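> Prediction below, plus the sequence it came from.
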Amino acid sequence: MLIYHYTTVDTFLKILDSKAIWASDLSKMNDPQEFTIGIELIKKFYQEKFPDLLHWFENDRFVGLDNEQLLLGCSFSENPDDLSQWRAYGDDGKGVVIGIDRRILSASNTLTIPAFYKEDERTASFVHFHKVIYDEQEFENSVKELLDNIGDFINDTVESFKLSIGLSRLACSFKSDFYKTEREIRAILEHSKRSDIYLDESLKKHKLFDVKFRLSQFGLVPYCKVNLSNADASSIQTVKLGPKCNISKKDLEFMLLATGNKDILVSTSAGQYR
């Protein structure tokens, strides 16, 4: 399955060169209610289900008032040729949209899960994909299903972790229906803000990726690089030129050929606008 990322031509060239894309702090995205709108609704449903256990929610390190989780996200869409996204993210139609194979992206960002016997070790991706929910009733149903099926999360640390991470991931997946035409698929990477992760030498080696920082209109933004290729394949499958892009299909195809990216399929937007 392909998912699509709208961007400028300049950024696309940088993505090709680095074979990576950035995942940035969700709290510094264009939607000021990112994550928080989901958490507020989740807290409401949680209180209805567990009115005497609010202390667990407020003190939880994933969803609580002072949560220690750093959520880094990268946005994709199910729609490969959408006017609103050309305008908002594709350099007002002068950019491109990249078609990404999500399975290859996942396989390019993995960790080894240890086991007592080495032959029992397995690899797993640390990139989690979420189809964004824009309907509040659908979101409520998903949250309540999790709350209805959780075990003794007060006394069982495993159940507590399952609830914490489950609620956090649900919060990542909800946005206002104002954005529903984007049909977003979100890639999320989970990290920690705990100081010992960055100070304790024995823990540093367990970091899945390095957190970097850049300045934006929203302040200082933590981000990391997400690999788009591995030794076997590249996740970049297609690139579509925007409705107002001044690069010809022939020129882009030659550039891809000359830079070792000959298998990327090039097309042009079906739309036009001024």
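It's in.

> can you tell me which residues contact residue 6?
Residues counted as contacts of residue 6 (Cβ atoms under 8 Å, 6 or more residues apart in numbering) are 77, 82, 85-86, 88-90, 95-97. The way it works is simple: take the backbone N, C-alpha and C, and place the C-beta from them, glycine included.

> List the buried residues for the one helix or strand it maps to?
For residue 6, the host element (DSSP states H and E) is strand 2-7. Of the residues in strand 2-7, 3-7 count as buried by neighbour count, 16 or more other Cβ atoms under 10 Å.

> Can I get those residues in JSON lines including distance to residue 250 and pLDDT?
Output for the buried residues of strand 2-7, formatted as JSON lines (distance: Cβ to Cβ, whole Å; pLDDT from 0 to 100):
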{"residue": "3", "distance to residue 250": "27", "pLDDT": "98"}
{"residue": "4", "distance to residue 250": "22", "pLDDT": "98"}
{"residue": "5", "distance to residue 250": "23", "pLDDT": "98"}
{"residue": "6", "distance to residue 250": "22", "pLDDT": "98"}
{"residue": "7", "distance to residue 250": "21", "pLDDT": "98"}
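
> Residue 63: which of the contacts of residue 6 is nearest?
Nearest to residue 63 among the contacts of residue 6 is residue 77, at 26.8 Å by Cβ to Cβ.

> tally of neighbours for that closest one?
By other Cβ atoms under 10 Å, the residues close to residue 77 number 22.

> re earlier: and of the contacts of residue 6, the nearest to residue 30?
residue 88 (8.0 Å).

> Contacts only, for that closest one.
residue 6.

> Distance of it relative to residue 36?
21 Å (Cβ to Cβ, to the nearest Å).

> Equivalent analysis for residue 3, please.
From residue 3 across to residue 36, the span is 25 Å (Cβ to Cβ).

> ditto for residue 123
33 Å.

> Those two: who's more crowded?
Higher neighbour count among residue 123 and residue 36: residue 36, with 13 against 9, using other Cβ under 10 Å.

> related to what we said a few turns ago, tell me which of the contacts of residue 6 fall in helices.
Among the contacts of residue 6, the members found in helices (DSSP state H) are 85-86, 88-89.

> Residue 15 contacts residue 21, doesn't it?
Yes. With contacts defined as Cβ atoms under 8 Å, residue 15 counts as touching residue 21 at a distance of 5.7 Å.

> Now list whatever residues contact both of these two.
residue 228.

> Tell me the pLDDT of residue 96.
What the model reports as pLDDT for residue 96 is 98.

> now do residue 216
88.

> could you flag which of the contacts of residue 6 are buried?
Buried members of these, scored by 16+ other Cβ under 10 Å, are 77, 82, 85-86, 89-90, 95-97.

> For the residue nearest the centre of the chain, grab phi and psi.
Centrality entry for the chain: nearest residue to the mean C-alpha point is residue 187, 2.2 Å, by Cα atoms, centre = their mean. When read as degrees, to the nearest 10, the backbone of residue 187 gives phi -100, psi 120.

> Now for the residue lying closest to it once chain neighbours are set aside, how many residues are close by?
Residue nearest to residue 187 in three dimensions, not counting chain neighbours: residue 74, with 4.6 Å by Cβ to Cβ, 6 or more residues apart in numbering. Applying other Cβ under 10 Å, we find 20 other residues in the vicinity of residue 74.

> Work out the gap between the longest helix anywhere in the chain and the centre of the chain.
Determined from DSSP H, the single longest helix within the chain is helix 157-172. Centroid separation for helix 157-172 versus its chain: 17 Å, with Cα atoms, centre = their mean, to the nearest Å.

> quick one: the residue nearest to residue 84 when sequence neighbours are not counted and residue 17, what's the gap?
With sequence-adjacent residues excluded and distances taken as Cβ to Cβ, 6+ apart, residue 84 is closest to residue 181, at 5.4 Å. For residue 181, the distance to residue 17 equals 31 Å [Cβ to Cβ].

> Lovely, talk soon.
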